[in-house]
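Colleague: Sequence plus predicted model, see below.
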Amino acid sequence: MSSQPSPAAAPSLIEVEVHGVERIPDADRTATPLDLFRLAFGGANTFSTCVLGAFPILFGLSFWQGLAATLLGVVAGALILCPMAVFGPVNGTNNAVASSAHLGVHGRVVGSFLSLLTAVAFFSISVWSSGDALVGGAHRLFGLERSTLSYVVAYALFACLVLAVCVYGFRFMLFVNKVAVASASVLFVLGAFAFAGDFDPSYAGVFTASADAATKSMFWPSFIGAALIVLSNPVSFGAFLGDWSRYIPADAPRRRVVGAAFLSQIATLLPFVFGLATASIIAAKAPKYVDPSAPDFVGGLLAISPGWFFLPVCLLALIGGMSTGTTSLYGTGLDFSSVFPRLSRVQATFLVGVLSIAFIFIGRFGLDLVQSISTFATMIITCTTPWMVVMMLGFWTRRGWYDPDALQVFNRRQRGGRYWFTHGWNWRGMTAWWVSAVIGVLFTNIPGQFVGPLGDLAGGVDISLPLSLAVAAVLFLTLLWVFPEPRAVYGPEGPRLARTVEVPVPPITGPGAEPDTSRPAATAAS
C-alpha cells in the first residue's frame with residue numbers, strides 16, 4: 001500500500017492553523033489554482049467592491065464613461081497582479097518573505113508594511129460598508145434607530161466575527177470564501193433583476209455637451225482618477241497572493257497559477273458593474289446620496305431598493321464583508337508574526353485586528369470617510385506597484401531560482417546567507433522601490449480627493465502609475481547592471497539581463513544555524 005498521507009487526514013476547518021511564514025511542508029500543500037481563484041475572487045466579490053465601483057459616478061462620469069474607466073482599471077490591475085501568484089508555489093511562503101531575495105533579509109519588512117497598509121484599508125472598507133448596510137437594512141425592516149450606537153455595535157460585532165475566522169486560519173477562510181463566491185454571485189444576479197426596471201444606461205453624468213469649460217476640463221482627471229480607484233482593488237492583492245498560493249504544490253503549472261490570479265480579478269467586474277449601475281440609478285433617483293460633499297452609496301442603495309431586496313442586501317453585506325475582511329486581515333497577521341517573533345500567528349492577527357478596528361472608528365466618526373478610502377487607495381497603488389515591479393523583474397532576472405532556506409533568515413533571527421547583501425539590505429531593490437513610490441505620490445492627482453505636489457504638471461491628469469512603473473523598471477534593471485549582485489543569488493543557469501560579481505556568501509549564523517548547506521534550492525517550473 002502507498003505510504004502517502006490520505007487526503008482524509010487534512011486539518012479540520014475548526015482546527016487553528018499552526019503554520020506561520022515558514023516554508024509549508026510539501027505534504028500540506030494540497031491547494032489548487034482553483035482554490036487561489038476562489039480566495040482572490042471571493043475577497044473582492046463583495047459589497048465593499050461595489051462601493052469602489054460607485055466612485056466613477058461620484059466623480060461625475062456617465063455610466064458608459066464609468067464602465068470604460070472600470071474596465072481599464074480592472075484589466076490593467078489584473079495584468080499587474082497576476083505574476084505575483086508564482087512566488088507562493090516556488091518558495092512555499094508568503095510574498096513578503098520571498099521579497100528577501102530582492103530587497104534583502106531586512107528589506108523584506110517593506111512587504112510587511114504594504115500588507116499592513118492594505119489590510120487596514122480593505123478591512124475597514126468591508127466593515128464600514130457591511131455595517132452601514134446591516135444597520136440601514138435593519139432600519140427599513142425592523143425600524144432600528146440609525147444612531148451612533150447602532151453603527152458602533154454593528155462595526156464591532158462584524159469586525160470581531162471576521163477576526164475569529166482569521167484566527168482559525170487558511171482552511172476555515174477557504175471554506176468561507178467557497179460559500180461567499182457562490183452566494184454573493186447569486187445575490188448580485190438577483191440584484192440585477194431588482195434594479196433592472198430603474199436602470200438607464202444613458203445616465204449622462206456631469207461632463208455633458210452643455211457643461212461649462214471648467215467642468216469639461218476635469219473630465220480626464222476624473223476618468224483616470226476613477227480608473228485608479230478601481231485599479232487599487234486588484235493591486236491590493238499583490239502582497240497577499242503568496243499567503244494563499246503557498247499551499248499550492250511547487251510543481252503546479254505556472255500558467256495555471258497566473259491564470260487563476262488574472263481571472264479572479266476579471267471576475268470582479270460583477271460587483272464593480274453592480275456598484276456602477278446602482279450608483280447611476282441613485283444619482284438619477286436620489287441624488288442627495290451621491291453629493292460629492294457627503295456621498296452615501298449604502299444609504300442610496302437602500303433608498304432605491306424594492307422592499308423584498310432589503311434582506312438580500314443585508315446578506316450580501318454580511319457574506320461579502322466576511323470574505324473581504326478575512327482575506328485582508330489573515331495575511332497581515334501571518335506576516336507580522338515573523339516581524340515580531342514574540343507573537344504567534346494568532347497573537348499577531350489579534351494585534352493587527354485591534355489596530356484596524358481602531359482605524360475603523362476613527363475613519364468613520366472622526367474623518368471624511370470617502371477621503372479616507374481614496375487616500376488609502378492612492379497609497380496602496382503608489383507604494384505597492386513599484387514593489388511588485390521589483391519582485392517580478394527580480395524573478396525574471398533570477399530565472400525563478402531561489403534558496404528557500406536563506407529566505408527564512410529574518411524569521412529565525414539569524415544573519416548571513418545568500419540574501420544578506422549589505423547588512424541585510426539590498427539597496428538596489430530598496431532604491432528602485434522608494435524612489436518610484438515617492439515619484440508616484442508626488443504626481444498623484446485624484447480630483448477633490450488627493451493631489452500630490454507635482455500632480456498638476458500633466459494638465460491635471462494623473463500620470464503617477466505609468467511613471468512609477470517605468471521608473472521602477474528602468475532604475476532597478478540599471479542598478480542590477482551597473483552594480484552587479486553576487487553570483488550566489490542566481491541559479492545554475494546564471495542571470496538574465498544582469499551582470500554578477502563573485503562575492504563569498506556569508507555563513508548563516510544565529511539561533512538554529514547549521515553548517516550544512518546541501519539543502520536544495522527551489523526553481524520555477526518552465
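Modeller: Happy to help now that I have it. The model shown is predicted, which means the values in this text are computed figures rather than measured ones.

Colleague: who's in contact with the nearest residue to Y247 once chain neighbours are set aside?
Modeller: Once flanking residues are discounted, Y247 sits nearest to A31: 3.7 Å by Cβ to Cβ, 6 or more residues apart in numbering. To be clear about C-beta, it is placed using only N, CA and C from the backbone, and glycine gets the same treatment. A31 sits next to 174, 244-245, 247-248 when contact means Cβ atoms under 8 Å, 6 or more residues apart in numbering.

Colleague: any chance of the residues you listed in TSV, with pLDDT too?
Modeller: Formatted as TSV, the contacts of A31 follow (pLDDT from 0 to 100):
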residue	pLDDT
L174	66
W244	82
S245	92
Y247	89
I248	95
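
Colleague: Which one (most neighbours) among those?
Modeller: Compared across these, S245 has the highest neighbour count, 31 neighbours, by other Cβ atoms under 10 Å.

Colleague: Tell me how far that residue lies from C160.
Modeller: 28 Å (Cβ to Cβ, to the nearest Å).

Colleague: Please apply the same query to P506.
Modeller: Distance from P506 to C160, by Cβ to Cβ: 45 Å.

Colleague: repeat for S129
Modeller: 17 Å.

Colleague: cool, E145 as well?
Modeller: If you go by Cβ to Cβ, the gap between E145 and C160 works out to 22 Å.

Colleague: Any stretches of the stretch 51-200 of the chain with poor pLDDT?
Modeller: 167-174, 176-177 (pLDDT under 70).

Colleague: ranges for the helices of it?
Modeller: 55-58, 63-81, 87-91, 95-98, 100-103, 109-142, 148-168, 170-195 (DSSP state H, counting those that start in this stretch).

Colleague: Can you get me a residue count around the closest residue to G111 other than its chain neighbours?
Modeller: Excluding the flanking residues, the one nearest G111 by Cβ to Cβ, 6+ apart is A96, at 3.1 Å. Neighbourhood size, A96 [other Cβ under 10 Å]: 31.

Colleague: Just to check, A96 is in contact with A239?
Modeller: Yes - counting by Cβ atoms under 8 Å, A96 does reach A239; the two are 6.4 Å apart.

Colleague: Could I get the buried residue list for stretch 450-461?
Modeller: 450-452, 454-455, 458, 460-461 (16 or more other Cβ atoms under 10 Å).

Colleague: burial count for the closest residue to V165 other than its chain neighbours?
Modeller: Once flanking residues are discounted, V165 sits nearest to T326: 4.8 Å by Cβ to Cβ, 6+ apart. T326 has 28 neighbours, counted by other Cβ under 10 Å.

Colleague: Touching, T326 and A164? I think so.
Modeller: No - using Cβ under 8 Å, T326 is not in contact with A164; the gap is 9.5 Å.

Colleague: What is the burial count for L144?
Modeller: L144, neighbours per other Cβ under 10 Å, totals 15.

Colleague: Touching, it and Y151? I think so.
Modeller: No - using Cβ under 8 Å, L144 is not in contact with Y151, being 10.7 Å away.

Colleague: hey, what's in contact with both of these two?
Modeller: In the contact map built from Cβ under 8 Å, 6+ apart, the residues linked to both L144 and Y151 are V135.

Colleague: from memory F421 sits against W427, does it?
Modeller: Yes - the pair F421 / W427 is scored as a contact, 7.4 Å apart, by Cβ under 8 Å.

Colleague: Would you mind telling me which of these two has the busier surroundings?
Modeller: F421 (26 against 15).

Colleague: Name the nearest residue to that one, ignoring sequence neighbours.
Modeller: Nearest residue to F421, sequence neighbours excluded (Cβ to Cβ, 6+ apart): G104, at 4.7 Å.

Colleague: Likewise for T32?
Modeller: Once flanking residues are discounted, T32 sits nearest to I248: 6.6 Å by Cβ to Cβ, 6+ apart.

Colleague: same thing with A121?
Modeller: That would be F376: by Cβ to Cβ, 6+ apart, it lies 3.8 Å from A121.

Colleague: Let me know the distance separating the one you found from I439.
Modeller: Taken as Cβ to Cβ, the span from F376 to I439 is 19 Å.

Colleague: and if you look at P507?
Modeller: For P507, the distance to I439 - Cβ to Cβ - is 38 Å.

Colleague: Among these two, which residue is more densely surrounded?
Modeller: The neighbour comparison of P507 against I439 (other Cβ under 10 Å) goes to I439, with 22 against 13.

Colleague: just the strands in the stretch 351-500 of the chain please.
Modeller: Assigned by DSSP state E, counting those that start in this stretch, the strands in the stretch 351-500 of the chain fall at 445-446, 450-451, 485-486, 500-501.

Colleague: Quick one: those strands as TSV, columns for mean pLDDT and distance to P89 too.
Modeller: As requested, the strands of the stretch 351-500 of the chain are exported to TSV (pLDDT from 0 to 100; distance: least, Cβ to Cβ, whole Å):
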stretch	mean pLDDT	distance to P89
strand 445-446	77	36
strand 450-451	78	36
strand 485-486	96	24
strand 500-501	96	26
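
Colleague: Out of those strands, which is the most enclosed?
Modeller: Stretch with highest mean neighbour count among the strands of the stretch 351-500 of the chain: strand 445-446 (a mean of 24; mean count of other Cβ atoms under 10 Å).

Colleague: and it, which strands flank it?
Modeller: Its sheet considered, strand 445-446 pairs with strand 450-451 (antiparallel) by DSSP bridges.

Colleague: among the helices of the stretch 51-200 of the chain, which is nearest F336?
Modeller: helix 109-142 (6.4 Å; Cβ to Cβ).

Colleague: List the buried residues of the closest one.
Modeller: Neighbour-count burial for helix 109-142 [16+ other Cβ under 10 Å]: 109-140.

Colleague: low pLDDT regions in the stretch 351-500 of the chain?
Modeller: Residues of the stretch 351-500 of the chain meeting the criterion pLDDT under 70: 366-374, 447-449.

Colleague: Which parts of it are helices?
Modeller: 369-397, 404-407, 427-442, 464-482.

Colleague: Return the distance of the shortest one from the chain's centre.
Modeller: If you compare the mean C-alpha spot of helix 404-407 with that of the full chain, they lie 25 Å apart, counting by Cα atoms, centre = their mean, to the nearest Å.

Colleague: for the first one, same thing?
Modeller: Using Cα atoms, centre = their mean, the distance from the centre of helix 369-397 to the centre of the chain it belongs to is 9 Å.

Colleague: got it, and stretch 308-324?
Modeller: 21 Å.

Colleague: Could you point out which of the buried residues of stretch 450-461 is nearest to K285?
Modeller: Taking Cβ to Cβ as the measure, K285 sits nearest to F450 out of the buried residues of stretch 450-461, at 29.6 Å.

Colleague: A44 is in contact with A184, correct?
Modeller: No - with contacts counted by Cβ under 8 Å, A184 stays clear of A44, the gap being 10.0 Å.
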